[in-house]
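Just to be clear, the model below is a prediction. Sequence and coordinates:
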Amino acid sequence: MTTMQATQPVEDTFTGASLELKDLSMAYGDFKVVRHMSLAVAPGTTTCIIGPSGSGKSTVLRGINRLHEPASGDVLLDGKSVLTLKPDLLRMRIGMVFQHFNLFPDHTALDNVALAPWKVKGLSKHDARSIARECLAEVGLAERSEHRPHDLSGGQQQRVAIARALAMNPAVMLFDEATSALDPELVNGVLNLMADLCRRGMTMVVVTHEMGFARRVADQVVFMDEGEVVEAGPPAQMFDAPQSPRLQRFLSEVL
Amino acid sequence: MDFLHTLARTFLDFDAMGIVLPHLLKTGLANTLIISLWATVLGTILGLLLAIMGISPSRWFKTWARVYTDLFRGLPAILTILLVGQGFASVSQDMFGPSPYPLGILALSLISSAYMGEIFRSGIQSVEKGQLEACRALGMSYGRSMRLVVIPQGIRRVLPAMVNQFISNVKDSSLVYFLGLMVSERELFRVGQDAAVLTGNLSPLVLAGLFYLLITVPLTHMVNYIDHRLRTGRRPSAPTSGLDELDELTPRTASDKP
């Protein structure tokens, strides 16, 4: 760790924001996919959301940065309602990483990362690129900066996507099944990177099927089913002594 | 033999061709290219606008784009050319003078923009939704996301279809003759036809036809080539083992195995 600090100009710690979901409901048309969800995420902690498919996990993430507008309830970022912020300003403070990376295929890795600092933050192209270079180095891809996404493996692409989110210097990171589309040998590289962000003080909400990661890294684990929080608690309690029959059933299927 | 001789004289009278050749090159080919290039440029700009309206969240924009597209795709080209070319003659007179040439270009542009609009729309809509989502998640506005990321990808995908539309414009440019062009404004078809009427021999028209093929056939093959490149144009790279990339991670993260 100390050897890295010597060569890396990147800040070693993050200042994560606090996040609070208050009675949040999300709907697609008439279908309520998230119902009355409340959740507190302390600054610099990691919350893993687990649950079967269709349980509304990903939708919760999209409510936090308002990619999908909440139907009712509220989300507080550092105590302030996200509904009062302009969505674009809100999203500059919240990084998001997707299951299928969603990198821009006609941009190099470097330009993928530099685009938002340049065009959204209004930095000069030169400054944006030097930030992008630092972020790529941080995820171990300094030597791949001129590669286009289709010349990179899934794991490398996802690390570029993480660098792209970090380049905006977010206070919260959202991960939407970030390792679900990866080949098995590449999963740990991405998970380790996420664990590292957590250790350095990033506030993270992670939707995942990686129970090992949730147990090892999470400060709290939330089990969702059918749009509701069924059970929540510290990982040891959730995995070793699950209370609800549905969580017990779920864990027996995935562990 | 007599029959073949008659055929050759009707279609392949090289003397008649030789006489019309300079005129076909200097006037006909030049005007055909000018008309179809202008119609393609204007049609592309208008078409892109239509596509953006067609996919915009605004119902109002969508409806107008739809109506416009249905109208100009649904009418025979010759009818549109005649209506626009004669209907707006007085307006055009003030701006461009008495020649119907600009109105012919305008009419072709309106028609081709309707097709271009649909080409662009399908291209833009074929870009994965995740691209827009990724942009928005980074704090980009809808407009900027579309302009910087989504639309360029969409356009690249429909390049072959755009060249096809140009080919179509080259052929349709022959219809402008209906508006009655001055001698110096006549395009390939009209020049060929004039000569054919004068000599009572179809060979000049055959030569005009050859010129059309000279433009369209290479372009058609270029489209196929671009299309092929777009679909398979990945530079082949040596397969690398997924294990190699495990070493890329810094000691800080690698030290922490789950």
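The structure has been received and is ready for your questions. Numbers count the residues shown, from 1 in each chain, chains lettered A, B, ... in the order given.

Can you tell me the SS state at the closest residue to residue A:64 other than its chain neighbours?
Using CB to CB, 6 or more residues apart in numbering or on different chains and skipping residues adjacent in sequence, the residue nearest residue A:64 is residue A:75, 5.4 Å away. Just so you know, the C-beta spots here come from the backbone N, C-alpha and C atoms, and that holds for glycine as well. Counting by DSSP: H, G, I helix; E, B strand; the rest coil, the backbone at residue A:75 sits in strand.

Help me confirm that residue A:75 comes into contact with residue A:81.
Yes: contact status for residue A:75 versus residue A:81: in contact at 7.1 Å, counting by CB atoms under 8 Å.

who's more crowded, those two?
residue A:75 (23 against 12; other CB atoms under 10 Å in any protein chain shown).

For that one, list the residues it contacts.
A:19, A:20, A:21, A:22, A:24, A:63, A:64, A:81, A:82, A:83 (CB atoms under 8 Å, 6 or more residues apart in numbering or on different chains).

Now flag whichever of those residues is closest to chain B.
Proximity of the contacts of residue A:75 to chain B (CB to the nearest CB) peaks at residue A:64, which lies at 10.7 Å.

Look at that closest one and say how many residues are nearby.
Residue A:64: 24 neighbours (other CB under 10 Å).

now swap in residue B:166 and tell me
Residue B:166: 21 neighbours (other CB under 10 Å).

can you tell me the helix or strand for it?
Residue B:166 belongs to helix B:159-172 when assigned by DSSP states H and E.

For the very next helix or strand once past that helix, give the mean pLDDT please.
On the C-terminal side of helix B:159-172, the closest following helix or strand by DSSP H and E is helix B:188-199. What helix B:188-199 shows for mean pLDDT is 91.

relative to its centroid, which residue of chain A is most remote?
Farthest-out residue of chain A from its mean C-alpha position, per CA atoms, centre = their mean: residue A:245, at 28.2 Å.

Quick check: buried residues in the helix or strand where residue A:205 lies?
For residue A:205, the host element (DSSP H and E) is strand A:203-207. Neighbour-count burial for strand A:203-207, counted by 16 or more other CB atoms under 10 Å in any protein chain shown, picks out A:203, A:204, A:205, A:206, A:207.

Where does the prediction get shaky in chain B?
Applying pLDDT under 70 to chain B flags the ranges B:233-239, B:250-258.

got a list of what residue A:94 touches?
Residues in contact with residue A:94 (CB under 8 Å, 6+ apart) are A:64, A:65, A:77, A:170, A:171, A:172, A:173, A:174, B:137.

Let me fix that, I meant to ask about residue B:33.
Residues near residue B:33 by CB under 8 Å, 6+ apart: B:170, B:215.

which residues are in contact with stretch B:38-55?
Residues from elsewhere that reach stretch B:38-55 (CB under 8 Å, 6+ apart): B:61-62, B:64-66, B:68-69, B:105-106, B:108-121, B:123-125, B:146, B:151, B:155, B:162, B:165-166, B:169, B:172-173.

among these, which are in helices?
B:61-62, B:64-66, B:68-69, B:105-106, B:108-121, B:123-125, B:151, B:155, B:162, B:165-166, B:169, B:172 (DSSP state H).

okay, and for the stretch 101-250 of chain A, where does confidence drop off?
Looking at the stretch 101-250 of chain A by pLDDT under 70, you get an empty list.

from the middle of its chain, how far away would the lengthiest helix in chain A be?
Using DSSP H to define each element, chain A has its longest helix at helix A:184-199. Put simply, helix A:184-199 sits 12 Å off its chain's centre (CA atoms, centre = their mean, to the nearest Å).

by how many degrees do it and strand A:203-207 diverge?
150 degrees (axes from the mean of the first three to the mean of the last three CA atoms, to 10 degrees).

number of nearby residues for residue 125?
You didn't say which chain, so I picked chain A. If we define neighbours as other CB under 10 Å, then residue A:125 has 13 of them.

wait, I meant chain B there
Residue B:125: 13 surrounding residues under other CB under 10 Å.

how much space between it and residue A:230?
Residue B:125 is 38 Å from residue A:230, where distance means CB to CB, to the nearest Å.

In ChimeraX, how would I select just the buried ones from the ones in helices among the contacts of stretch B:38-55?
Entered in ChimeraX, the line below selects the buried ones among the ones in helices among the contacts of stretch B:38-55, by 16+ other CB under 10 Å:
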select /B:61,65,68,69,105,106,108,109,110,111,112,113,114,115,116,117,118,119,120,121,123,124,151,155,162,165,166,169,172
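
How about the strand holding residue A:205 and chain B, touching?
No: judged by CB under 8 Å from any CB of the partner chain, strand A:203-207 stays clear of chain B, getting no closer than 13.4 Å.

got the buried residues for the very next helix or strand once past that strand?
Of the helices and strands lying after strand A:203-207 in sequence (DSSP H and E), the nearest is helix A:211-217. Buried residues in helix A:211-217, counted by 16+ other CB under 10 Å: A:211, A:213, A:214, A:215, A:216, A:217.

now these as a markdown table including distance to residue A:57?
Putting the buried residues of helix A:211-217 into a markdown table (distance: CB to CB, whole Å) gives the following:
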| residue | distance to residue A:57 |
| --- | --- |
| A:211 | 14 |
| A:213 | 15 |
| A:214 | 12 |
| A:215 | 17 |
| A:216 | 19 |
| A:217 | 17 |
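
Name every strand pairing with the strand holding residue A:205 and say which way it goes.
Its sheet considered, strand A:203-207 pairs with strand A:46-50 (parallel), strand A:172-176 (parallel) by DSSP bridges.

May I see those strands organised as JSON lines, with mean neighbour count added?
Shown next, in JSON lines, are the strands paired with strand A:203-207 (neighbours: other CB atoms under 10 Å in any protein chain shown):
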{"stretch": "strand A:46-50", "mean neighbour count": "26"}
{"stretch": "strand A:172-176", "mean neighbour count": "25"}
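
show me the contacts for residue A:109.
So residue A:109 contacts A:103, A:136, A:141, A:144, A:145, A:146, A:147, A:148, A:149, A:152, A:160, A:163 (CB under 8 Å, 6+ apart).

Now restrict the residues you listed to buried residues only.
Members of these classed as buried by 16+ other CB under 10 Å are A:103, A:136, A:141, A:144, A:145, A:147, A:148, A:149, A:152, A:160, A:163.

contacting residues around residue A:178?
Residue A:178 touches A:97, A:98, A:99, A:158, A:161, A:162, A:190, A:194, A:206, A:208, counting by CB under 8 Å, 6+ apart.

Next, give phi and psi for the second one.
Right, the one you point to is residue A:98. Torsion angles at residue A:98 (phi, psi; degrees, to the nearest 10) stand at phi -100, psi 160.

which non-adjacent residue is nearest it?
Leaving aside its chain neighbours, residue A:98 sits nearest to residue A:176 (5.4 Å; criterion: CB to CB, 6+ apart).

I figured that neighbour was touching residue A:61, is that so?
Yes: using CB under 8 Å, residue A:176 is in contact with residue A:61, at 5.4 Å.

Could you measure from residue B:24 over to residue B:168?
The value you get for residue B:24 to residue B:168, if CB to CB is used, is 21 Å.

Look at these two and report which has more neighbours.
Using other CB under 10 Å, the more surrounded residue of residue B:24 and residue B:168 is residue B:24, with 24 against 20.

tally of neighbours for the residue lying closest to that one once chain neighbours are set aside?
The spatially closest residue to residue B:24, leaving aside those adjacent along the chain, is residue B:191, at 5.4 Å (CB to CB, 6+ apart). By the criterion of other CB under 10 Å, residue B:191 has 28 neighbours.
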